[in-house]
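Enquirer: no sequence on this one, just coordinates:
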């Protein structure tokens with residue numbers, strides 16, 4: 001018999017339905033296992049600006065009437081969840097009195113750009129915690145703020161302080177056994193997590209999965225933060241790296257890559273792959289030169305995590321900063337005319353489909369990376385070149401901490417990186433340098449080793465581990481993004497799905513207002529799709545027992561709470577797995593290459609030749 005736990009769920013962002021509904025499914029699953037749920041919501045406490053308003057396309061400067069509309073959506077969807085799932089709980093404002101509101105205003109008046117980092121309450125660095133969304137929004141790589149940025153920070157700080165004072169009272173009143181929240185990195189969520197942790201209460205984050213083909217139908221659940229989650233998965237890699245995968249799991253990984261190749265998804269930063277792009281002509285590459293691509297990471301994300309103390313600063317890196325790495329690469333390549341280096345700046349550093357901000361780091365790079373030698377070129381997002389166009393011709397990728405390191409490995413291309421602490425995948429699927437000297441020596445070693453089918457096999461196994469074995473399945477209740485990757489009209493459907501998804505976040509408010517003119521029951525009719533989601537959900541999740549065991553047993557991730565019979569883990573031989581992978585390579589081919597080139601037997605890229613040879617081999 002399970003012990004009844006009191007589980008506090010900090011859920012102030014109900015307006016983001018694609019997060020709130022899956023979260024509610026997980027919480028309901030825990031409730032069905034005899035646990036007591038305390039569901040904490042917002043009720044306009046963050047009305048000046050919040051994560052929900054950002055998700056709906058508003059800015060801090062948006063009119064208050066527009067912000068109020070998001071609050072109405074949030075409150076309405078909160079009530080739907082509480083009513084349909086029978087959750088009991090509180091609004092944050094119930095635990096904030098006038099004295100505390102006066103204290104918050106006093107703290108805000110005393111906070112300046114000179115002292116905000118020193119702001120602590122109950123030994124929690126509230127001033128730093130409030131920075132997270134602001135640093136990401138403006139893609140900051142330092143702590144100097146414009147007037148607009150500082151005002152944005154003060155709004156975030158006010159929200160964080162409200163969350164702090166309310167959470168402290170709620171935790172003291174209810175004394176929960178566990179605390180859960182969707183995305184524990186959001187500042188208002190994180191301060192609640194921090195307060196729980198100093199009380200010795202185990203905390204967990206929830207987040208949609210990584211696989212772009214089914215991300216909303218899967219859920220990650222782990223201790224404290226996503227950073228700890230991925231490091232913990234890496235600990236299990238030695239156990240699973242030698243286990244062949246099923247055709248079904250390999251197919252799901254390929255579906256993710258097909259989304260990446262097409263570049264249409266909201267979370268795919270690279271542009272879609274183009275046919276008939278000759279990068280030799282585009283970059284003026286000489287025949288016979290080995291092509292090396294250096295993929296840079298998005299610096300503001302690391303800076304935000306380190307500054308808010310979610311991620312520890314590594315003081316012993318071979319290259320202390322990315323720019324140190326790039327400058328060393330330039331000096332190395334300058335006198336190597338047998339090599340051609342393309343420095344690819346991370347697309348997030350520039351305006352993209354998710355935001356319109358140009359990062360400070362990218363501006364610095366454009367100033368520094370000028371007058372490059374003839375065998376070195378800078379690849380910026382304005383070139384509108386997909387990383388998969390570069391992959392067709394690349395002999396080697398050099399990686400900082402971008403996910404490109406694992407993506408290129410799945411195509412069999414060698415990758416070299418310089419710190420296992422910076423990447424969230426196992427070091428042995430790439431080449432890892434131990435020192436500066438070793439890094440430059442390994443460039444030639446990796447070039448000599450070249451393309452490898454075994455890299456593809458190993459990386460497929462890693463993706464299966466992190467995006468399938470490590471996640472909880474919600475597909476019986478979440479029907480969004482269910483289109484089959486095999487359907488004949490997949491391109492039309494995918495474009496439609498992504499268009500609807502974008503329109504939903506930007507124009508939901510307008511839709512509700514227009515719809516209300518034609519309905520008598522405003523709340524129910526305006527939110528009929530949300531009600532349908534709730535009422536058409538499965539009676540219980542098939543992963544319900546796994547979810548409860550993870551939380552009940554106070555484990556860090558799914559693997560910690562399940563006993564695996566590893567000897568019988570896979571019924572598939574390596575030869576059978578090889579045939580599965582070859583089928584998936586063939587399935588990727590129309591998105592990776594121009595099939596007309598294959599039919600006409602025209603000049604092919606190295607990647608095309610390698611993949612074709614792999615398919616044909618016995």
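Expert: Arrived safely, thanks for sending. Quick caveat: nothing in here was measured; it's all calculated off a predicted structure. Numbers count the residues shown, from 1 in each chain.
Enquirer: ok, which stretches of the stretch 401-550 of the chain are strands?
Expert: For the stretch 401-550 of the chain, applying DSSP state E, counting those that start in this stretch gives strands covering 415-417, 431-432, 472-473.
Enquirer: In this protein, what helix or strand scores lowest on average pLDDT?
Expert: helix 490-516 (a mean of 44; mean pLDDT, DSSP states H and E).
Enquirer: Spatially central residue for the protein, please.
Expert: residue 210 (6.3 Å; C-alpha atoms, centre = their mean).
Enquirer: Residue 142 in helix, strand or coil?
Expert: coil (DSSP: H, G, I helix; E, B strand; the rest coil).
Enquirer: What residues sit buried inside stretch 120-134?
Expert: Neighbour-count burial for stretch 120-134, counted by 16 or more other C-beta atoms under 10 Å, picks out 121, 124-134. Just so you know, the C-beta spots here come from the backbone N, C-alpha and C atoms, and that holds for glycine as well.
Enquirer: Distance from that stretch to the middle of the chain?
Expert: Between the centre of stretch 120-134 and the centre of its host chain there is 22 Å, according to C-alpha atoms, centre = their mean, to the nearest Å.
Enquirer: Just the residues contacting it, thanks.
Expert: Residues from elsewhere that reach stretch 120-134, judged by C-beta atoms under 8 Å, 6 or more residues apart in numbering: 51, 54, 111, 116-119, 140, 149, 152-153, 156-157, 159-161, 164, 168, 185-187, 190-191, 194-195, 198, 304, 307-310.
Enquirer: Could you pick out which of those residues are located in strands?
Expert: Among the contacts of stretch 120-134, no member falls in strands (DSSP state E).
Enquirer: Pull the contacting residues for the residue nearest to the centre of the chain.
Expert: Counting by C-beta under 8 Å, 6+ apart, residue 210 has contacts 220, 256, 466-467.
Enquirer: Same question for residue 544.
Expert: Contacts of residue 544 by C-beta under 8 Å, 6+ apart are 29, 32-33.
Enquirer: run the last query once more with 10 Å
Expert: Counting by C-beta atoms under 10 Å, 6 or more residues apart in numbering, residue 544 touches 25-26, 28-30, 32-33, 472, 538.
Enquirer: Compute the distance between it and residue 85, please.
Expert: Separation of residue 544 from residue 85 (C-beta to C-beta, to the nearest Å): 14 Å.
Enquirer: Stretch 239-253: end-to-end distance?
Expert: 20 Å (C-alpha to C-alpha, to the nearest Å).
Enquirer: Can you tell me which of the buried residues of stretch 120-134 lies closest to residue 21?
Expert: Distances from residue 21 to the buried residues of stretch 120-134, taken as C-beta to C-beta, are shortest for residue 133 (22.2 Å).
Enquirer: ok, now how distant is that closest one from residue 60?
Expert: According to C-beta to C-beta, residue 133 stands 11 Å off from residue 60.
Enquirer: Same question for residue 340.
Expert: In terms of C-beta to C-beta, residue 340 sits 44 Å off from residue 60.
Enquirer: from memory residue 152 sits against residue 136, does it?
Expert: No - contact status for residue 152 versus residue 136: not in contact, 11.2 Å apart, counting by C-beta atoms under 10 Å.
Enquirer: Tabulate the contacts of residue 544 in TSV, adding columns for distance to residue 453, neighbour count and pLDDT.
Expert: Listed next are those as TSV, based on distance: C-beta to C-beta, whole Å; neighbours: other C-beta atoms under 10 Å; pLDDT from 0 to 100:
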residue	distance to residue 453	neighbour count	pLDDT
25	40	23	98
26	39	23	98
28	44	23	98
29	41	23	97
30	43	23	98
32	46	14	96
33	45	18	94
472	32	23	96
538	40	13	96
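Enquirer: Next step: the residues you listed restricted to strands.
Expert: Among the contacts of residue 544, the members that lie in strands (by DSSP E) are residue 472.
Enquirer: Closest one to residue 557 out of the contacts of residue 544, please.
Expert: Taking C-beta to C-beta as the measure, residue 472 is the one of the contacts of residue 544 closest to residue 557, at 10.8 Å.
Enquirer: didn't that closest one look like it was pressed against residue 549?
Expert: No - the pair residue 472 / residue 549 is not scored as a contact, 11.3 Å apart, by C-beta under 10 Å.
Enquirer: For those two, list the residues in contact with both.
Expert: 543, 558.
Enquirer: ok, back up a step: and the contacts of stretch 120-134, which are buried?
Expert: 51, 54, 111, 116, 119, 140, 149, 152-153, 156-157, 159-161, 164, 168, 185-187, 190-191, 194-195, 304, 307-308, 310.
Enquirer: picking that back up, highest average neighbour count across the strands of the stretch 401-550 of the chain?
Expert: Mean neighbours per residue, mean count of other C-beta atoms under 10 Å, is largest over the strands of the stretch 401-550 of the chain for strand 415-417, with a mean of 25.
Enquirer: Going along the chain, name the helices of the stretch 351-500 of the chain.
Expert: Assigned by DSSP state H, counting those that start in this stretch, the stretch 351-500 of the chain shows helices spanning 360-368, 387-391, 404-410, 436-449, 453-464, 490-516.
Enquirer: do the stretch 1-150 of the chain as well
Expert: 17-32, 51-55, 64-85, 98-110, 126-129, 132-137, 147-174.
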